[in-house]
Every structure is written in structure tokens, then in C-alpha cells.
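Chemist: sequence unknown, structure follows:
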Ligand code: HSE
């Protein structure tokens, strides 16, 4: 085999009450990456899209993730990574994770390296570090594992795959860019104990509700008293979108990752499409361009095409 093509999904991280530790994978949108063995040593990056991402492999999230993987494997195979992205960088739906995870899964398969999913998440986190300045795995883990995933610890990495009912998500992506590093810089360094208690109570209840399929409990637990109150000021018309989505039947919703995308969970596709109509109608009045996606929760992560 000389080359391989993978599809790498968008992901919603934080999921309201699980800042930096909870995420899920979407069926769409997704990126495609082709990885080809090259005669020349080193990694070269080709961008087959209009996003203008860096082609220097040490400045590119896929490049740094694969470099680390080859270093650990102790091989110096030359590789050309051609990236065709649909997930816009800075959208809040795991664009950097899709690039780094797609690349490491593809190289692992192409070169028969045999790294585990957990090890692949570790490599992908080098890309997340480059993109955001933080070692978080709440996009990379669901991107590689699929479904809902809880990251209990990043050091050492401890990933818990969560069982969940067949939920749907509606995502709205206002066409403004929020850099994750900047959205992290405005967060409080310390939180009151009462807020911490509220947050971990919600997260525990959210995980229990996913497992039991108790949608009322899921609704009650989708509350963020620490991050969302600060970050929502970066996202025009956040409260109005949440109100419109909930009135249209959403279980709950919030900021996707560090924004500007917002997501709402629904119990089925029909409900997710009604929510899409409601929030499109709400956002059309703002004059800000936007995209929407309606997607099932993707089981299984990056897939080989
Ligand atoms: N958990 C990270 C954050 C996700 O909210 O900063 C970034 O996509």
C-alpha cells in the first residue's frame, strides 16, 4: 500500500457541563486526508482547500502529530499529507483535532505501526497543543473513538467511552472566527467551590442520563456555571439561539468547544431539523452569515475510506 485516504469527523467538545473532558463525534461535517509514502525523507503538507493553513510541518497540527508518532516509532519514512478540509479552522467543532487525528490514524494504518487508539490520541494532542496552547483531548478522543467520550485524565491519558441513546445534534456556525487560545485566556483561573460542586454534579448527572436515556435529567444537567457565562460574550446572539432551540424542542445546548459554533441536542432527526429551522430563522435576522448542520452522533471515529 502506497497511500491511504481517511475521513475525520467534526466533534463537539465541552458539551456544556464537561469543560475540557467531554465530547462527541458528528457524522458531518468531516475532513478527508490522503497520506502517501514519499521517496524524500520528511513530511510535506499539501492543502487542497482554501483555508490557507500552514504547510510547514512543524507549524501544522497534522505535521506535528505525525512527527511525534514517527519519532516514537523510530522510523523516518517520508510522507505527503494532502488535506481536504470541510471543517473550517476556528469554528469550534474540532477542526484541528480532525486534522491531527485523521493524519495519525491514516499513518498508523499505512505504515502498519499498530499504535492503540489511546496512543493515537496522545499523538494528536501535540496538534491540539500547537493549536490552542493546551493539552486537551476532548475533541481528539471522540474524533478517534467516536460516540460520547469522557477524558478522565490527560496525564496519564485515561479515556472512558460512554454509552448513549441515539441522539441527534443541530449545530450553527456563525462565520466569525474565535481562536481557542484567546477563548481560553479569558477564563477564570480559580472558581468558587459552590460553582465547582454545581459543575461536577451536572457532569455526573449528564453521564448517568446518557447511560439511562433519561432525557429530562440530560436537560437539567446541561448547565455550565463556569465557562459559558464568560465565553458567551464572544458569540453574538448566543442566548437567543439557545432560547429558540429549546422552544423548538431541544434537550439542551450550548457553546461547541470554544465557539463560535453552538449546538443543541435532539432526540431524533425530525426534532433536530425543527430546531435547525428555528435557529436559522433566529440567526437570519442578525445579518451575520452562518452555516448549520444536522447530524447523528457518529459511532466509531476516523474511518479509512
Ligand atoms: N475544551 C476546549 C476549550 C476545546 O473549550 O477550550 C477547544 O475546542
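Modeler: Thanks, I have the structure now. Everything quoted here is computed from the prediction, not taken from an experiment.
Chemist: pick out the residue in the protein sitting closest to the ligand.
Modeler: Nearest residue of the chain to the ligand (C-beta to the nearest ligand atom) works out as residue 257 at 3.1 Å. (Each C-beta comes from the backbone N, C-alpha and C, glycine too.)
Chemist: ok, that residue - how many residues close by?
Modeler: 29 (other C-beta atoms under 10 Å).
Chemist: what does residue 267 give?
Modeler: 17.
Chemist: wait, it touches residue 213, no?
Modeler: No - in this structure, residue 267 is not within contact of residue 213 by C-beta atoms under 8 Å, at 9.5 Å.
Chemist: what residues are shared contacts of the two?
Modeler: Between them, residue 267 and residue 213 share these contacting residues under C-beta atoms under 8 Å, 6 or more residues apart in numbering: residue 165.
Chemist: helix, strand or coil: sort out the residue of the chain closest to the ligand for me.
Modeler: Of the three states, residue 257 takes coil according to DSSP: H, G, I helix; E, B strand; the rest coil.
Chemist: list the contacts for it?
Modeler: By C-beta under 8 Å, 6+ apart, residue 257 lies in contact with 11-14, 92-94, 138-139, 180.
Chemist: again, but for residue 132
Modeler: 96, 180-181, 184, 258.
Chemist: and the pLDDT for the closest residue to residue 137 other than its chain neighbours?
Modeler: Residue nearest to residue 137 in three dimensions, not counting chain neighbours: residue 151, with 4.7 Å by C-beta to C-beta, 6 or more residues apart in numbering. Here, the pLDDT recorded for residue 151 equals 98.
Chemist: hmm, residue 151 is touching residue 15, no?
Modeler: No - applying C-beta under 8 Å as the test, residue 151 and residue 15 come out as separate, 11.6 Å apart.
Chemist: for the stretch 151-300 of the chain, what lies in contact range of the ligand?
Modeler: Neighbours of the ligand within the stretch 151-300 of the chain, by C-beta under 6 Å from any ligand atom: 180, 183-184, 257-258.
Chemist: just name the closest of these to residue 192, please.
Modeler: residue 184 (19.5 Å; C-beta to C-beta).
Chemist: check the secondary structure at that closest one for me.
Modeler: Residue 184 ends up helix, using three-state DSSP.
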